[in-house]
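Novice: Return atomic coordinates for the entry below.
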Amino acid sequence: MSTEDETKKLLKIREDLVSRIGRLQEETEDLRRATAEIDGLIVRQGFRQPVPTQTKKVTESEDDTSSVEEDTHSVKSKSGMTLGTLQVNNEEVVFEPVSGLVFSTSIPPFQSFLVERVFDNMRSTDEERATQGEIPPEEVLSYTVEAEQGRIKRIVVRNYGGERRLREIQSSLRWTFDKMYDKLRQD
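Specialist: Residues are numbered from 1 along each chain as shown. Below you'll find the model as predicted:
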């Protein structure tokens, strides 16, 4: 077989693969739309998801001299609906909403309460304490809201401080997402 024939054959194979990728991408989008529609129906009907058990996991840190304890549990609405999971370790708090619920950053009271009144106030307090030398600057609270097209994928809070602050963050997350869930159910 000549080099030209091999090249034509490879080009044909490549063309078929590109065509298949396109079909699979279209199919994936169709499946995502169908899943989103079903999720919306489930939310409107007030479906309760099974309650996962609380787990604790101890992992060794990179230097193997200390361990990090991780606590994972569900965040629930007043009605018992699971809104997301909360992972807590010595360094950060990570909240991930349930994939079936479309929590948007634009749904009140997310921005006005959780971000501005809770996280921004805590950060401001820490920055003031760092300026006065009470805590090192690297211990100032920071947070990240990971969103995709406005949909909240996860919230990470670093340097949350002690137990009192952790409880405040947990209760604020629970209250905020419960209120947001109520608004989703009204739509």
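
Novice: what's the spacing between Asn89 and Thr72?
Specialist: For Asn89, the distance to Thr72 equals 9 Å [C-beta to C-beta, to the nearest Å]. (Each C-beta comes from the backbone N, C-alpha and C, glycine too.)

Novice: do Glu27 as well
Specialist: 33 Å.

Novice: Mind checking which of these two has more residues around it?
Specialist: The neighbour comparison of Glu27 against Thr72 (other C-beta atoms under 10 Å) goes to Thr72, with 16 against 10.

Novice: Which element is encountered next along the chain beyond the least confident helix or strand in the chain by mean pLDDT?
Specialist: The helix or strand of the chain with the poorest confidence is strand 55-60; it has a mean of 47 (mean pLDDT, DSSP states H and E). Where DSSP states H and E defines the elements, the next helix or strand beyond strand 55-60 is strand 67-76.

Novice: So which elements touch that following strand?
Specialist: Identification of packing neighbours for strand 67-76 by 3 or more C-beta pairs under 8 Å, 6 or more residues apart in numbering; DSSP states H and E yields strand 55-60, strand 82-88, helix 163-186.

Novice: Might you calculate how far that strand sits from the centre of the chain?
Specialist: In terms of C-alpha atoms, centre = their mean, to the nearest Å, the centre of strand 67-76 is found 14 Å from the chain centre.

Novice: can you tell me which helix in the protein is longest?
Specialist: The residue-count maximum for a helix in the chain (DSSP state H) belongs to helix 3-45.

Novice: what's the angle from that one to helix 163-186?
Specialist: Orientation check (axes from the mean of the first three to the mean of the last three C-alpha atoms, to 10 degrees): helix 3-45 against helix 163-186 gives 90 degrees.
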